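**Q** 3D, please:
(2 chains)
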Protein chains: 2
Amino acid sequence: MRTIGVGLLGCGVVGSAVARLVRENADAIAARCGARFEIRKIAVKNRRKKHPGVPARLFTSVDKVVSSPSVDLVVEVMGGEEEAFRAIMMAIANKKHVVTANKLLLAKRGEEIFSAAIAAGIEVGFEAAVAGAVPVIRTLKEAVASGTVRSVQGIINGTSNYILTSMKDGTVSFADALAAAQKLGYAEADPTFDVEGTDAAHKVAILASLAFGSPVDFSKVHIEGISGLAPEDFEFARQFGRVIKLLAVARMEENRLDVRVHPVMVAAARPIAAVNGVTNAVEINVSDAGRLMLIGPGAGGNATASAVIANMADIARDMILGAVGRISPFGFMDRARKKLPMMPVGEITGGYYLRFTVEDKPGVLAAMAGILGDNGISIDSVIQKGRSGGVVPLVILTHHAKERDVHTAMKKIGKLRSTRNRAMIIRLDNGE
Amino acid sequence: MRTIGVGLLGCGVVGSAVARLVRENADAIAARCGARFEIRKIAVKNRRKKHPGVPARLFTSVDKVVSSPSVDLVVEVMGGEEEAFRAIMMAIANKKHVVTANKLLLAKRGEEIFSAAIAAGIEVGFEAAVAGAVPVIRTLKEAVASGTVRSVQGIINGTSNYILTSMKDGTVSFADALAAAQKLGYAEADPTFDVEGTDAAHKVAILASLAFGSPVDFSKVHIEGISGLAPEDFEFARQFGRVIKLLAVARMEENRLDVRVHPVMVAAARPIAAVNGVTNAVEINVSDAGRLMLIGPGAGGNATASAVIANMADIARDMILGAVGRISPFGFMDRARKKLPMMPVGEITGGYYLRFTVEDKPGVLAAMAGILGDNGISIDSVIQKGRSGGVVPLVILTHHAKERDVHTAMKKIGKLRSTRNRAMIIRLDNGE
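**A** Numbers count the residues shown, from 1 in each chain, chains lettered A, B, ... in the order given. Next up, the predicted model:
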């Protein structure tokens, strides 16, 4: 049986899980793909740190891993951008196949990496970069072979979904929910990437590229996080039969890519509304296959490592049969790809939840409704809290409107004497 | 670009959708897999029947399709057992690759077909045989590469799930729900295969074989359908915070295969409980990856055809690169498979819902509880309907018990003077 030498870049939670599973499950892996893997070199930041169960004699520098003649396949789970990029490009130059879980890197420089790999006849697997163990990359690359993808949307950041789940009842503040998540290890000390939507944006940029066969300009992905959400937004959502989720959305509209991450008030009856805690879920809407929904653990050492090893097995099969390059990392044949422009977020349409803080006096609603109407926005429903005489929340749900018009109206409403603070805007799902 | 000649066996709902999508989506398919497909021969039962959009000049006999030199790949969507088996074996003998949606055939004779295909160096794709467009076969064969599958369970018969969804509120009888489903085309004129669990059993036998790397003796799959369920069972389920689903279950316990199809009272909070209508859902529980849930359209021409074409694209990639046989249809390397014995259903353990029809008089519950206790079955909760003096339902939920003991107890209880009719037994999910 073929033995494939593996070099591991990074030996944190995911890296050490890969090392352990490759050893413990060697027979199961061989039974599936007909090859054995041997971890032969490992690059770690700190060689003095303890890595239980991982033999320290394998530790060396990144450069030695990616250039070692004993290494056939490099697993990059070190994270970050510059050094990981350099390491992967060097691995490719040295004819090592690559498996990476690095979503930031692929979102920003996937085009360069994939092009270099194709040119060198090298495979790059990256199932673990999005939604952990959930085979969403595989599904987009292989299961969707005849249809046109209409949209991909999902919950692809476990930390923020855990926080939103804690806040669901409208009784817990963002700060408290975050602190609890940090205590349980579901949020990092600096949670910015997770709660501000950046991590989900990296992932959805990768999914969009695979779904639509186009590069995605990451700098033009619209990103909003969850840190501004207030408990009352969850309470109002409940009253409207909705749930707030941080959704990553990738759509194609008039040959333009609409890629964004932001909170959405989802109808409670939609299956995605029931995806709670750190679980991930991705819905792929395809012209012929219909709506495919994939749910599962989006993070964690074992789950992520299982996706890494599935890619290692893919590569092993291709190596054994001399079929390297069987599927392009782009998901499309090179010549079939095209560069689609990004659609500005102002041009999307949908319903909106608008929460204002207003003086509780006559005429306020009329003034606001007037401005909305002047901008072509019609009102679906209104919740005005009991007359206490002071400052009260006023919530409006709109019918379908263009986002740009909503922002224009919000600016004008913000200038009314009777409004306080900034209004909260949350998009409603439109069932796409 | 390579053009692959396709022979189509059957041109009903799925076959004509394959023919149409292969033509209409030719560019999208080529962009994904680098090949074009051309339907060159079609076998139909009745050549005079109209097949809109399908050129009649292609129509011929099954034998001519599978032996035609212009055909590289045979798509079998004719259904049935004997003729389909003969056709597929002849296709393999003639070195044609095969894609089939025939779950009955694969459940009963998959071992023969797959073995013949491997010996001949031929690929067999069958994603469409289970859960239509939902990539559950692909996930079991490729995404689960390092872990051990603990269980596979799911809703894999759309007709029965549609009927159960209609009956959910406890106000509609099975007969009425079936009639409504038939009117909408969701149930066939003879619905036996669907509502009695046979179709789901065919599918779960295939899944079990892929999950555990063992042949499955289909004759030993335990099968119960939904036709015996009464509206009151749904009403009681609701009272217990549960929903009745027809689940297909495949587990491994002490190196024995536990494969069965029967109604289960599922906790309403489980995601699978929210899968309604004709939608299919499969949950795969893997030692390292965790619980993966895949949901989507399990039937319909386009959805099923999309799974067929995904397999055609897989085969095309392997043909182009000379990598035929890249993944065994068994999901495991031949030498890694073993024949596991089937576990008798009497040995499973779990909670049970028991609905009795009893005379409404003192001492009845005591007698029943006594018999249950004598057989080592402890009671979790009881619902006894208001004292009307006549014959009333009595419902007992048990704690974990062995199925054999439950049946022994039920026989004894059935002999009590105070019991009427046969008791209804529904298994409770145990969250596995």
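
**Q** let me see the domain layout of chain A.
**A** A:2-132+A:300-336, A:144-297, A:345-428 (automatic domain parsing).

**Q** buried stuff in stretch A:394-403?
**A** A:394-398, A:401-403 (16 or more other Cβ atoms under 10 Å in any protein chain shown). Placement of C-beta: from N, CA and C, glycine included.

**Q** from these, which two are the most distant?
**A** For these, the farthest-apart pair by Cβ to Cβ is A:394 and A:402; their separation is 22.1 Å.

**Q** just the element for the residue minimising distance to the centre of chain A, please.
**A** Nearest to the mean C-alpha position of chain A, counting by Cα atoms, centre = their mean, stands residue A:200 at 3.0 Å. In this assignment (DSSP states H and E), residue A:200 forms part of helix A:198-212.

**Q** isn't the residue nearest to the centre of chain A right up against residue A:245?
**A** No - using Cβ atoms under 8 Å, residue A:200 is not in contact with residue A:245, being 10.8 Å away.

**Q** number of nearby residues for the closest residue to chain B within the stretch 1-150 of chain A?
**A** When distances are taken as Cβ to the nearest Cβ, the stretch 1-150 of chain A reaches nearest to chain B at residue A:31, 3.3 Å away. Neighbourhood size, residue A:31 [other Cβ atoms under 10 Å in any protein chain shown]: 19.

**Q** what does the one 4 residues further on give?
**A** By the measure other Cβ under 10 Å, the count of residues near residue A:35 is 20.

**Q** for the closest residue to it other than its chain neighbours, give me its contacts.
**A** Once flanking residues are discounted, residue A:35 sits nearest to residue A:316: 3.8 Å by Cβ to Cβ, 6 or more residues apart in numbering or on different chains. By Cβ atoms under 8 Å, 6 or more residues apart in numbering or on different chains, the contact list for residue A:316 reads A:2, A:4, A:33-35, A:37.

**Q** max pairwise distance over the residues you listed: which two?
**A** For the contacts of residue A:316, the maximum inter-member distance is 11.7 Å, found between A:34 and A:37 (Cβ to Cβ).

**Q** okay, these two: which has more neighbours?
**A** Each of residue A:34 and residue A:37 has its neighbours counted (other Cβ under 10 Å); residue A:37 has more, 28 against 22.

**Q** ok, that one touching residue A:312?
**A** Yes - using Cβ under 8 Å, residue A:37 is in contact with residue A:312, at 6.1 Å.

**Q** shared neighbours, the two?
**A** Shared contacts of residue A:37 and residue A:312 (Cβ under 8 Å, 6+ apart): A:4, A:6, A:22, A:73.

**Q** okay, and which of those map to strands?
**A** Counting by DSSP state E, the part of these found in strands is A:4, A:6, A:73.

**Q** could you dump the residues you listed into TSV with distance to chain B and pLDDT added?
**A** Putting those into TSV (distance: Cβ to the nearest Cβ, whole Å; pLDDT from 0 to 100) gives the following:
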residue	distance to chain B	pLDDT
A:4	13	98
A:6	13	98
A:73	14	98
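
**Q** buried residues in the host helix or strand of residue A:92, which are they?
**A** Per DSSP H and E: residue A:92 is located in helix A:82-93. For helix A:82-93, the neighbour count (16+ other Cβ under 10 Å) marks A:83-85, A:87-92 as buried.

**Q** how about stretch A:240-253?
**A** For stretch A:240-253, by 16+ other Cβ under 10 Å, it's A:240, A:242-252.

**Q** tell me the mean pLDDT for that stretch?
**A** The average of the pLDDT scores along stretch A:240-253 is 97.

**Q** just checking, residue A:252 touches residue A:216?
**A** No - between residue A:252 and residue A:216 there is no contact under Cβ under 8 Å: 11.4 Å.

**Q** for the nearest residue to the residue of the stretch 1-150 of chain A closest to chain B once chain neighbours are set aside, the count of nearby residues, please.
**A** In space, and not counting its chain neighbours, residue A:31 is closest to residue B:336: 3.3 Å by Cβ to Cβ, 6+ apart. Look at residue B:336: counted by other Cβ under 10 Å, it has 16 neighbours.

**Q** contacting residues for residue A:109?
**A** By Cβ under 8 Å, 6+ apart, the contact set of residue A:109 is A:81, A:85.

**Q** just the buried residues of stretch A:394-403: which are in helices?
**A** Secondary structure assignment by DSSP state H places residue A:403 of the buried residues of stretch A:394-403 in helices.

**Q** ranges for the strands of the stretch 151-300 of chain A?
**A** For the stretch 151-300 of chain A, the strands defined by DSSP state E, counting those that start in this stretch occupy A:222-223, A:242-253, A:256-267, A:279-286, A:290-297.

**Q** thinking again about what came up before, ok but the residue nearest to residue A:35 is inside a strand, no?
**A** No - under the criterion used here (DSSP: H, G, I helix; E, B strand; the rest coil), residue A:316 is helix, not part of a strand.

**Q** can you check the pLDDT for it?
**A** On the pLDDT scale, residue A:316 gets 97.

**Q** one more: the one 4 residues further on?
**A** What the model reports for residue A:320 is a pLDDT of 95.

**Q** what helix or strand is it on?
**A** Element membership for residue A:320, per DSSP H and E: helix A:301-321.

**Q** and that helix with strand B:290-297, angle?
**A** The directions of helix A:301-321 and strand B:290-297 differ by 70 degrees, with axes from the mean of the first three to the mean of the last three Cα atoms, to 10 degrees as the criterion.

**Q** mind checking how far helix A:301-321 is from the chain centre?
**A** Remark: helix A:301-321 is offset 21 Å from the chain centroid, using Cα atoms, centre = their mean, to the nearest Å.

**Q** okay, buried residues for the helix or strand harbouring residue A:41 please.
**A** In the assignment (DSSP H and E), residue A:41 maps to strand A:35-43. Neighbour counts using 16+ other Cβ under 10 Å place A:35, A:37, A:39-43 of strand A:35-43 among the buried residues.

**Q** likewise stretch A:356-372?
**A** Within stretch A:356-372, the residues scored as buried using 16+ other Cβ under 10 Å are A:356, A:358-360, A:364-365, A:367-369, A:371-372.

**Q** give me the mean pLDDT for stretch A:169-179.
**A** Here the average pLDDT along stretch A:169-179 is 97.

**Q** which residues are contacting that stretch?
**A** Contacts with stretch A:169-179, where a contact means Cβ under 8 Å, 6+ apart, come from A:163, A:166-167, A:187, A:191, A:195, A:226-235, A:237-238.

**Q** mind redoing it with 7 Å?
**A** Defining contact as Cβ atoms under 7 Å, 6 or more residues apart in numbering or on different chains, one finds that stretch A:169-179 is touched by A:163, A:166-167, A:187, A:191, A:195, A:226-227, A:229, A:231-232, A:234-235, A:238.
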